[in-house]
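> Just to be clear, the model below is a prediction. Sequence and coordinates:
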Amino acid sequence: MNTIFLMEFLLFDGAALAWAGWELWSVRPSRDEGAKERDAESKESARHSER
């Protein structure tokens, strides 16, 4: 009986953790998009005068 409980616990908690990890990973912005935004910002800031 105790073994069945542990198996169910590991199965469902493992599935919940895997799903939570997948959701966090899918929300995380990609590094390529962030690099493009930083490059665009650096080009924008270079347009001001030197004075």
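Happy to help now that I have it.
> Point to the helix or strand of this structure where mean pLDDT is at its lowest.
Ranked by mean pLDDT, DSSP states H and E, the weakest helix or strand in the chain is helix 31-45, scoring a mean of 60.
> ok, Val27 to Ala20 distance?
Val27 sits 11 Å away from Ala20, going by C-beta to C-beta, to the nearest Å. To be clear about C-beta, it is placed using only N, CA and C from the backbone, and glycine gets the same treatment.
> Looking at those two now, which is surrounded by more residues?
Legend: neighbour count by other C-beta atoms under 10 Å for Val27 and Ala20, higher for Ala20 (10 against 7).
> got a pLDDT number for the more buried one?
pLDDT recorded at Ala20 is 96.
> Against Gly14, how distant is it?
In this view, Ala20 and Gly14 are 11 Å apart by C-beta to C-beta.
> go on, Trp22?
Trp22 is 12 Å from Gly14, where distance means C-beta to C-beta.
> likewise Asn2?
Relative to Gly14, Asn2 is positioned 18 Å away (C-beta to C-beta).
> Looking at those two, which one has more neighbours?
Of the pair Asn2 and Gly14, Gly14 is the one with more neighbours under other C-beta under 10 Å, namely 10 against 6.
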